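**Student:** build me a structure from this.
(2 chains)
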Number of protein chains: 2
Amino acid sequence: MIRSAIPQDGDAIESITNLIDVFSDEEKKCVPELWDEYITLGSEKSGYYFIVSVENDTILGYACYGLRALTDGTYDLYWIAVDPNGQGKGIGRKLLEGVERNILQMGGNLIFVETSGTPKYELTRHFYLKVGYNLAATIRDFYSRGDDLVIFTKHLT
Amino acid sequence: MIRSAIPQDGDAIESITNLIDVFSDEEKKCVPELWDEYITLGSEKSGYYFIVSVENDTILGYACYGLRALTDGTYDLYWIAVDPNGQGKGIGRKLLEGVERNILQMGGNLIFVETSGTPKYELTRHFYLKVGYNLAATIRDFYSRGDDLVIFTKHLT
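**Tutor:** Here you go, the predicted structure:
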C-alpha cells in the first residue's frame, strides 16, 4: 500500500536511507533535514511531500517530492529509495506511480528527476527508462569531475 | 567596476529588478528574499553571492549566484540584470566574467544557468551563446505550458 508518510515512519525512512549504498554520506544527511521540515511544518509550508510503501506494517520504501519554485506544476522528485531486502518486487515502480497520482491530483503536469551518470547509478537510470521516463539531458561533470548529472522527465496527462 | 554587493546597494538592486520587463512579479519578489538572506546571514551561511557593476557611484547591474547543494564546485547563476538604460554597453558580459572569476577563486568549475525558452527571452539566450555558454538542454513546458526550461552551462578552466 502506498500512503502519505506519518511521523511514526521517520525511523524506518532513516534506516532505509542508511541502507542505500549509492547514497553518499552527505546525501544520507540530507533526507532527515527534509523529513524534519515535512513533519514540523507540513507539506504545504515546507514544500516537501513524503509517501511510503507499506506491507504488513513494514515500511519497504519511500519517495520525497515537491513543487519547483517559479514553475506552474513542475515537481522535483528529490528522493526515492527501496529497502534492499525488498528490491525487485516493483516497489519502486509503485512508489513512482503514487508520486505521479498525487502530483496529478495537485494539478501538476511534469516530473523532473536528477540522478547521476556514474556506473553505480546504472540500475537507477535503467529503472527510469523502463517506467517511461524520458532521458532529457546529461550535464557533464555536474556533481564532480567524472560524475555527470542525468535529467529524466515525465509529462503527466 | 565589478565588486561584491554591500548593504547600501539594496535599493538600487531592487530598482533595477523592477525595471526588467521579462521578470514576472513572482520573480521580482524572489530577488529581495535572496538579498535579505545575503545581507543578514552573509554569503557563506546563506549560500548566496551578489556582485554589482558600478560606474560613477551608480549601480548599473547585478548578478546573484551560489553553490548547488550536493555538488563539488557547480554554481547556479540565479539572477543577472542590467539597468535598461545601461544595456548594450557590455555590462552583462562584465558581470558574468566577475561571476566566473569569483567562482574559479572559490574552487568552482561549472556554471549552470536556467532560463526560459519563450520569445521574450530570445535576447537572453543569444547573450549566453555569444559569451561562450553551451546550450546543454531544453525541457519542454517546464515553467508552464509553452514555456520551456533552457539550460546553459560553462565549464571553467
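**Student:** for chain B, what are the nearby residues on chain A?
**Tutor:** A:24, A:26-27, A:30, A:69-74, A:109-110, A:112, A:136-137, A:139-145, A:151, A:153, A:155 (CB under 8 Å from any CB of the partner chain). In this view, the C-beta of every residue, glycine as well, is placed from N, C-alpha and C.
**Student:** how many neighbours does A:Asp72 have?
**Tutor:** The number of residues packed near A:Asp72 is 17, by other CB atoms under 10 Å in any protein chain shown.
**Student:** oh, I was asking about A:Cys64
**Tutor:** The tally of other residues near A:Cys64 (other CB under 10 Å) stands at 22.
**Student:** okay, now the sheet partners of whichever strand or helix holds it, with direction.
**Tutor:** Taking DSSP states H and E as the criterion, A:Cys64 maps to strand A:58-67. As defined by DSSP bridges, the strand partners of strand A:58-67 come to strand A:49-55 (antiparallel), strand A:74-82 (antiparallel).
**Student:** please identify which of the ones you listed is closest to A:Arg3.
**Tutor:** strand A:49-55 (6.4 Å; CB to CB).
**Student:** list the buried residues in that closest one.
**Tutor:** Buried positions in strand A:49-55, judged by neighbour count with 16 or more other CB atoms under 10 Å in any protein chain shown: A:49-54.
**Student:** tell me the angle of the helix or strand encompassing A:Leu123 relative to strand A:74-82?
**Tutor:** Remark: A:Leu123 resides in helix A:122-130, with elements defined by DSSP H and E. Angle of helix A:122-130 versus strand A:74-82, following axes from the mean of the first three to the mean of the last three CA atoms, to 10 degrees, is 130 degrees.
**Student:** restrict helix A:122-130 to CA atoms and write it as CSV.
**Tutor:** The C-alpha coordinates for helix A:122-130 follow below in CSV (Å, rounded to 0.1, in the frame of the first residue of the first chain):
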residue,chain,number,x,y,z
GLU,A,122,23.2,2.5,-14.0
LEU,A,123,20.3,0.4,-12.5
THR,A,124,18.7,3.7,-11.3
ARG,A,125,18.9,5.2,-14.8
HIS,A,126,17.6,1.9,-16.3
PHE,A,127,14.7,2.0,-13.9
TYR,A,128,13.5,5.5,-15.0
LEU,A,129,13.7,4.5,-18.7
LYS,A,130,11.8,1.2,-18.0
